[in-house]
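Participant: Have a look at this prediction, sequence included:
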Amino acid sequence: MSITAVCPGSFDPITNGHLDVIERGANRLDRLVVLCSRNPGKQPMLDAPERLELVETCTAHLPNVEVASFDGLLVEWCNARGIDLAVKGLRAVSDFEAEMQMAQMNAHLGGVETLFITTRPVYSYLSSSLVKEIARFGGDISDFVPPVVARRLADR
């Protein structure tokens, strides 16, 4: 049996923590589709094509990973493609509360189950929001994101 899952997120920008979850998920699945979404509740630093390009570049070393973008409900995207599993990373209990609610809703709405991967402790404090804040003030983000992402944000 071949197992395919999605790993959704806004990836604005993709961080080393995101990559860790993607790599660990990809190592356990036959195929992983990283889905770059637009979150209407957030003001993005990078536009959708830039985020997609950076995620593709950062995951190019993973042969069983594909990258796509979507707007709308995750379950609709998954159901249209016969995918019934999502992979999400958890950093802390606060993540668990929000992600559990979303996981239960996705299961109820469209039969999409969620597999949680806890982040490694070294990434437990890392978030795209913090990276963007540091970058906006000209701080060094090289410990938190892949080099291509650090260069892109420095150019802004």
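Facilitator: Thanks, I have it. These figures come from a predicted structure and were not determined experimentally.

Participant: C-alpha from now on. contacts and neighbour counts both.
Facilitator: Fine.

Participant: Now do the same contact list for A86.
Facilitator: Residues near A86 by CA atoms under 8 Å, 6 or more residues apart in numbering: A5, V6, C7, P8, V112, E113, T114, L115.

Participant: the helices in the chain, which residues?
Facilitator: Along the chain, counting by DSSP state H, helices occupy 16-26, 48-59, 74-81, 93-110, 128-136, 147-154.

Participant: got a list of contacts for the fifth one?
Facilitator: Right, helix 128-136. Helix 128-136 is contacted by residues F11, D12, P13, I14, T15, M45, D140, I141, F144, L153, A154 when judged by CA under 8 Å, 6+ apart.

Participant: Determine which two of those are furthest apart.
Facilitator: F11 and D140 (18.7 Å; CA to CA).

Participant: Which one's more surrounded, the two?
Facilitator: Remark: of F11 and D140, F11 carries more neighbours, 22 against 12, as counted by other CA atoms under 10 Å.

Participant: Go through stretch 10-26 and flag the buried ones.
Facilitator: For stretch 10-26, a neighbour-count test (16 or more other CA atoms under 10 Å) marks 10-23, 25-26 as buried.

Participant: wait, stretch 145-153
Facilitator: Buried-residue list, stretch 145-153, by 16+ other CA under 10 Å: V145, P146, V149, A150, L153.
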